[in-house]
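Novice: Sequence isn't available, so here's the structure alone:
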Ligand SMILES: Nc1nc2c(c(=O)[nH]1)N[C@H]1C(S)=C(S)[C@@H](COP(=O)(O)OP(=O)(O)OC[C@H]3O[C@@H](n4cnc5c(N)ncnc54)[C@H](O)[C@@H]3O)O[C@H]1N2
Ligand code: MOO
């Protein structure tokens, strides 16, 4: 029986020689959640002209403290004239500053008298003015390659009038379920059967990690059927993920199939849950090696395995460092626990309080108990051969994307 491998060795084996996928150009309206493959430079200054940050009056700061005629009205989007000397302009938020004006007084501070504006004294130059190029300078870097196009990034692109961007092609994933006892929701359950929890859970996680699930299939519990399904799945995919069938039982055919048609890189990890996880490669189209991740069947092992392995793999394929690394934070345990030779990834809820962050463990941490993942905020990492007392500091892998 193979020795239990450390997770670091497994990640190194999984990510060895993984290169980012090719680029494709997509419309910005379709680019949400995609990963930028090339840096974007700013085309325009933002804002493109000096403008008012307030509804009020624009003037030259040297005229502050005087009562001034109002010689023009500037709404956002309207044209401007040079400001007549010793006068002010009625101006609204976003309105272009007239040449000759260098500050804006908000209207609450201005009294109107006989159609003139009584301006308070000591208004510094630049007050309430949003300078041209304050946010972005034309030609400067706007967005770096490898970032996730989130809401703010999409807004930033639109602010430049940009309509298309170069992004990484989504990793194509084939998602296989093993187990003759596994039935899709919507079908009746025969005795001994259970519904397929792993498929929708992994599909959603993979999509959150930026992948496109191009095939879902069930693998028959026999050696020939397993080899045929794995082979077929590798043809149209960058990654094949399977669930179940990687342990030592007589019905566990995945590892043997992998060894016969592809290559087993590593099997059995010193982690809990997820011990029988298998990593390897399958021959894809034209013999191209396709990564294979064989997750154990227990739903919690799949959930944890997806965060620990599928997320970094998608991050590497997408050239996205923020996805490749799970954000870590430190929290105080509100429980006690001990580990043996396997590092334990406990599902915890986090409470952010004035005293710091507190991690509460879900009551039943068995790898078949999926309710321990519902609403989990983080995986608390309990090192192998350790004892954790209530109040000890824990490293927690935060289950959030972006
Ligand atoms: N003699 C040993 N038995 C087991 C060992 C061991 O070291 N020696 N390891 C145990 C551990 S730890 C795990 S984890 C499981 C994983 O085994 P498999 O990957 O072969 O998974 P299966 O046996 O196919 O399934 C395990 C469990 O999960 C249920 N399952 C499978 N697929 C789904 C699905 N899509 N949705 C919901 N539930 C699913 C399946 O019915 C089983 O109950 O092996 C232990 N055994
Ligand atoms: O390694 Mo298994 O995933 O604990 O049940």
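Specialist: On my side now, so go ahead. None of these values were measured; they are calculated from a predicted model. Residues are numbered from 1 along each chain as shown. Ligands and ions are numbered 1, 2, ... in the order given.
Novice: All the helices of the stretch 301-402 of the chain, residue numbers only.
Specialist: Per DSSP state H, counting those that start in this stretch, the stretch 301-402 of the chain carries helices over the ranges 311-318, 321-324.
Novice: between these, which one is nearest to ligand 2?
Specialist: Of all those, helix 311-318 sits nearest to ligand 2, with 17.6 Å by CB to the nearest ligand atom. Using the backbone N, CA and C atoms, a C-beta is placed for each residue, glycine as well.
Novice: tell me what the closest one is packed against?
Specialist: Helix 311-318 sits against helix 7-15, helix 321-324, with contacts defined as 3 or more CB pairs under 8 Å, 6 or more residues apart in numbering; DSSP states H and E.
Novice: any idea which helix is longest in this protein?
Specialist: In the chain, with assignment by DSSP state H, the single longest helix is helix 223-235.
Novice: Who are the packing partners of it?
Specialist: Partner elements for helix 223-235 (3+ CB pairs under 8 Å, 6+ apart): strand 172-178, strand 212-219, strand 239-243, helix 254-261, strand 278-283, strand 289-295.
Novice: Could you export the ones you listed as a markdown table, including distance to ligand 1 and mean neighbour count?
Specialist: As requested, the helices and strands packed on helix 223-235 are arranged in a markdown table below (distance: least, CB to the nearest ligand atom, whole Å; neighbours: other CB atoms under 10 Å):
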| stretch | distance to ligand 1 | mean neighbour count |
| --- | --- | --- |
| strand 172-178 | 5 | 24 |
| strand 212-219 | 9 | 17 |
| strand 239-243 | 5 | 28 |
| helix 254-261 | 8 | 20 |
| strand 278-283 | 9 | 22 |
| strand 289-295 | 7 | 24 |
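Novice: Export those to TSV and append columns for mean pLDDT and distance to residue 201.
Specialist: Below are the helices and strands packed on helix 223-235 laid out as TSV (pLDDT from 0 to 100; distance: least, CB to CB, whole Å):
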stretch	mean pLDDT	distance to residue 201
strand 172-178	98	10
strand 212-219	98	12
strand 239-243	98	9
helix 254-261	96	19
strand 278-283	97	19
strand 289-295	97	11
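Novice: Tabulate the ones you listed in CSV, adding columns for distance to residue 324.
Specialist: Formatted as CSV, these follow (distance: least, CB to CB, whole Å):
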stretch, distance to residue 324
strand 172-178, 16
strand 212-219, 18
strand 239-243, 14
helix 254-261, 24
strand 278-283, 16
strand 289-295, 14
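Novice: Ligand 2 is nearest to which of those?
Specialist: Closest among the helices and strands packed on helix 223-235, using CB to the nearest ligand atom: strand 289-295, at 8.9 Å.
Novice: what angle do the closest one and helix 254-261 make?
Specialist: Orientation check (axes from the mean of the first three to the mean of the last three CA atoms, to 10 degrees): strand 289-295 against helix 254-261 gives 160 degrees.
Novice: hmm, who's touching strand 289-295?
Specialist: 14, 18, 198, 202, 230, 234, 237-246, 254-255, 258, 262-263, 274, 277-284, 301-302, 305-306, 309-310, 313 (CB atoms under 8 Å, 6 or more residues apart in numbering).
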